[in-house]
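>>> This is the structure alone, sequence omitted:
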Ligand code: SIN
């Protein structure tokens, strides 16, 4: 009976599998700001950020500007959205940093397994000089500017069987984002990797094209991976984060007062979203447990086996990423406030 109640309350939180996303049309004369992403529009750090940003723009800039959000890959996948931005067909995008391989390898630092101890360390790194420089890794060559980092959370591994030590993943197949670091990580486990678009993962799990997956609690919940897997191992192995991008040409084309007001709203909303991302993930972890999804924690000894196995993956990519960035990330782990 409790499972029924839990399932009903979850259905209320998530809505139907592909809810229609109603939004007011923009008014004539308003600057239209489109924002395309691939996740659900609520109960998820990125979805919440896009929704909060659109609400503020549409209220506070009414008559001047209007934001339209396209969630669930309704309009574009992450690789297509960057192409659309480069063509001037999309104003705001926040692809996962693992999906920028075609443009730069500098963001691979965020994919290095077990590099960051927690989200606070990530935050210290992104606020550091190196982290801020990295926001503009694509600006010289492509003209897109990083307006800020958005955090989703740390990722966890799941498969049709418990993954307690890395060898439990031997010969399994996992979907990965478009990241060679993730491929190397999965191969280090004796498993194989298949690059898939986010919207393809649920179906691939359902029909057994892949045996497991790796994602944040929020994405496991809102994309319903819990329906096609019995549980997850809390590996905290990799970061899922985004840079929110806009094109410099578009920003320069705005009236100065409109640009200033938009960027002020943007920065305030981003701060608010990042401050609540950890809480959202924690709530979503509990929602998964409430519907009977197993969350398997690792002992420190078990986790140490995963970390040891992944160190060579860092070495493989350190030259391309830049030792400077890896050192700055490691320093962020050490510089905890007292
Ligand atoms: C996202 O959170 O934007 C998608 C992550 C994924 O592709 O796994």
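That came through, no problem. Bear in mind the structure is a predicted one, so any value in this text is a computation, not a measurement.
>>> What lies in contact with stretch 323-331?
Stretch 323-331 has contacts (Cβ atoms under 8 Å, 6 or more residues apart in numbering) with 106, 109, 112, 115-116, 121, 125, 128-131, 134, 314, 318. The way it works is simple: take the backbone N, C-alpha and C, and place the C-beta from them, glycine included.
>>> which stretches of the stretch 1-150 of the chain form helices?
All helices of the stretch 1-150 of the chain, identified by DSSP state H, counting those that start in this stretch, fall at 2-14, 45-60, 78-86, 119-127, 129-134, 139-142.
>>> Turn those into a markdown table, including mean pLDDT and distance to the ligand.
A markdown table is the format used below for the helices of the stretch 1-150 of the chain (pLDDT from 0 to 100; distance: least, Cβ to the nearest ligand atom, whole Å):
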| stretch | mean pLDDT | distance to the ligand |
| --- | --- | --- |
| helix 2-14 | 58 | 16 |
| helix 45-60 | 97 | 6 |
| helix 78-86 | 96 | 6 |
| helix 119-127 | 93 | 15 |
| helix 129-134 | 96 | 19 |
| helix 139-142 | 98 | 20 |
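>>> looking at those, which is buried most?
Comparing these by mean neighbour count (mean count of other Cβ atoms under 10 Å), helix 45-60 ranks first with a mean of 21.
>>> tell me what that helix is packed against?
Contact analysis of helix 45-60 by 3 or more Cβ pairs under 8 Å, 6 or more residues apart in numbering; DSSP states H and E lists strand 31-36, strand 65-70, strand 144-154, helix 256-290 as its packing neighbours.
>>> do you know which of these lies nearest the ligand?
With Cβ to the nearest ligand atom as the criterion, the ligand lies closest to strand 144-154 of the helices and strands packed on helix 45-60, at 5.4 Å.
>>> Can you give the domain ranges for this structure?
2-97+138-151+242-275, 98-137+152-241+276-338 (automatic domain parsing).
>>> worst average pLDDT in those domains?
Least confidently modelled of the domains of the chain is domain 2-97+138-151+242-275, at a mean of 91 by mean pLDDT.
>>> Off-centre distance for that domain?
Between the mean C-alpha location of domain 2-97+138-151+242-275 and the chain-wide mean there is a distance of 13 Å, by Cα atoms, centre = their mean, to the nearest Å.
>>> what does stretch 218-229 give?
Per Cα atoms, centre = their mean, the centroid offset for stretch 218-229 relative to its chain is 14 Å.
>>> quick one: it near the ligand?
Yes. Contact between stretch 218-229 and the ligand is present through residue 219 (criterion: Cβ under 6 Å from any ligand atom).
>>> And that stretch, what's buried?
Within stretch 218-229, the residues scored as buried using 16 or more other Cβ atoms under 10 Å are 218, 219, 220, 221, 222, 223, 224, 225, 226, 228, 229.
>>> Can you name the residue of the chain nearest to the ligand?
Each residue of the chain has a distance to the ligand, by Cβ to the nearest ligand atom, and the smallest belongs to residue 198, at 3.4 Å.
>>> contacts for stretch 302-309?
Residues beyond stretch 302-309 that count as contacts (Cβ under 8 Å, 6+ apart) turn out to be 113, 114, 164, 165, 166, 188, 189, 235, 237, 298.
>>> Confirm for me that the fifth one is in contact with residue 190.
Yes. Counting by Cβ atoms under 8 Å, residue 166 sits close enough to residue 190 to count as a contact (7.3 Å).
>>> So these two - more neighbours on which side?
Taking residue 166 and residue 190 together and counting by other Cβ atoms under 10 Å, residue 166 has the greater number of neighbours (20 against 14).
>>> Next, the contact list for the more buried one, please.
With contacts defined as Cβ under 8 Å, 6+ apart, residue 166 is in contact with 188, 189, 190, 305, 306, 309.
>>> Among these, which ones are in helices?
Counting by DSSP state H, the part of those found in helices is 188, 305, 306, 309.
>>> ok, how many other residues are close to the second one?
To tie it back to what came earlier, the one meant is residue 305. Neighbourhood size, residue 305 [other Cβ under 10 Å]: 15.
>>> same thing with the third one?
Neighbourhood size, residue 306 [other Cβ under 10 Å]: 24.
>>> Write out the residues of the stretch 101-250 of the chain neighbouring the ligand.
Of all the residues in the stretch 101-250 of the chain, those in contact range of the ligand (Cβ under 6 Å from any ligand atom) are 152, 177, 198, 215, 219, 240.
>>> Take these and lay them out in CSV including secondary structure.
What follows is those, written out as CSV (DSSP: H, G, I helix; E, B strand; the rest coil):
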residue, secondary structure
152, strand
177, coil
198, helix
215, strand
219, helix
240, strand
